[in-house]
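Visitor: from the sequence below, what's the structure:
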Amino acid sequence: MTIQDQLYDKVTAEYAARLDEIRQLDPDQIINKAHEIDIKADLLMCFEAREIEGEYARALVACDKPLDCIYRQWFEADSSRHMDALQVCIERQAKELLEEVGRGYEILERAEEIEITI
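Guide: Numbering: from 1, shown residues only. Down below sits the predicted model:
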């Protein structure tokens, strides 16, 4: 078994254990953990390819809970970029909606000019 296989087995077991813990929570607490579940599932997909270099894989295998450590690292690094990306999406959608409304007014104005009832 390669070190990458060992790492994959370890993070898979860690993820399954964490899901078991979360299943014991009340529904509101489970909802609050949805983001963690989703990101850790994405991280598992990264490990499926088993492309982590040997030295890095050994370091992660030596970690008690590598998946959780990586998740916390990602959360700290990504939280501000995530919020920035959401803000950009909000602004883009608002702009698109304004453009649609503007096109709607243009159509109404043209219809009035040629006396079409809409």
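
Visitor: where are the low-confidence patches of the protein?
Guide: 79-80, 103-118 (pLDDT under 70).

Visitor: now the lengthiest helix in it: how far from the chain's centre is it?
Guide: In terms of residue count, the longest helix belonging to the chain (DSSP state H) is helix 66-113. Distance of helix 66-113 from its chain centroid, counting by C-alpha atoms, centre = their mean, to the nearest Å, is 16 Å.

Visitor: in three-state terms, label the residue nearest the centre of the chain for me.
Guide: In the chain, the C-alpha nearest the mean C-alpha coordinate belongs to residue 39, at 5.5 Å (C-alpha atoms, centre = their mean). Taken by DSSP: H, G, I helix; E, B strand; the rest coil, the conformation at residue 39 corresponds to helix.

Visitor: so what's it up against?
Guide: 71, 74, 75 (C-beta atoms under 8 Å, 6 or more residues apart in numbering). For glycine as for every other residue, the C-beta is placed from the backbone atoms N, C-alpha and C.

Visitor: for the buried ones among these, write the corresponding PyMOL selection.
Guide: To isolate the buried subset of the contacts of residue 39 in PyMOL, counting by 16 or more other C-beta atoms under 10 Å, use the following:
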select buried, resi 71
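
Visitor: any chance of JSON lines for the contacts of residue 39, columns distance to residue 45?
Guide: What follows is the contacts of residue 39, written out as JSON lines (distance: C-beta to C-beta, whole Å):
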{"residue": "71", "distance to residue 45": "14"}
{"residue": "74", "distance to residue 45": "13"}
{"residue": "75", "distance to residue 45": "17"}
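
Visitor: which single one of the contacts of residue 39 is nearest to residue 49?
Guide: Distances from residue 49 to the contacts of residue 39, taken as C-beta to C-beta, are shortest for residue 74 (17.4 Å).
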